[in-house]
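*Asks:* any chance you could fold what I've pasted below:
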Amino acid sequence: MGRKFLWLFLAMLAVAALWMALAPPRPLLNAVKRVDLGNPVAAGAERVARYGCRRCHRIGGQGGLTAPDLAGVTQRRSAGELRAWLMDPEAMRSGTAMPNFHLSDSEIEAIIAYLRDQDER
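*Replies:* Just a heads-up that it's a prediction; the model follows:
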């Protein structure tokens, strides 16, 4: 009887771990991926580099061409639309090639600040 409960517990633990890895809840993301927004533009530049956004997107005249050029994106799209894209790309466009990086709210704000800074240049 004890072994059955142990296996059940381990199976539940594995399911929970898989869920956390594939679809972590926002409060967890915000706790573990918090960004200091003292200098949001610098934090955003670091996140753009960390997540390899320029592998696909052209930002500030540099980067790939397989995804939309992000020049002027903060003028074409509202901050809310940009947040939604960065939070869950698949929800914005089914079948999109853009991966969900499971960004925290502060990472999203930093990336938007960086894109806004690029658009103002």
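
*Asks:* CA only for contacts and neighbour counts going forward, please
*Replies:* Will do.

*Asks:* would you check how far apart A42 and L103 are?
*Replies:* Going from A42 to L103 by Cα to Cα, to the nearest Å gives 16 Å.

*Asks:* these two: who's more crowded?
*Replies:* Taking other Cα atoms under 10 Å, A42 and L103 do not tie; L103 has more neighbours (22 against 17).

*Asks:* please name the nearest non-neighbouring residue to the more buried one.
*Replies:* Once flanking residues are discounted, L103 sits nearest to M87: 6.3 Å by Cα to Cα, 6 or more residues apart in numbering.

*Asks:* I'd assumed N100 was in contact with that neighbour.
*Replies:* Yes - using Cα atoms under 8 Å, M87 is in contact with N100, at 7.3 Å.

*Asks:* what is the neighbour count of S106?
*Replies:* Counted with other Cα under 10 Å, S106 comes out at 19.

*Asks:* again with K33
*Replies:* Residues lying near K33 (other Cα under 10 Å) number 15.

*Asks:* swap in the one 4 residues further on?
*Replies:* Applying the criterion other Cα under 10 Å, we find 15 residues in the vicinity of L37.

*Asks:* quick one: it is in a helix?
*Replies:* No - using DSSP: H, G, I helix; E, B strand; the rest coil, the secondary structure at L37 is coil, not a helix.

*Asks:* contacts only, for it.
*Replies:* Counting by Cα atoms under 8 Å, 6 or more residues apart in numbering, L37 makes contact with 43, 106, 110.

*Asks:* select from the residues you listed every entry located in strands.
*Replies:* Filtering the contacts of L37 for membership in strands, criterion DSSP state E, returns an empty set.
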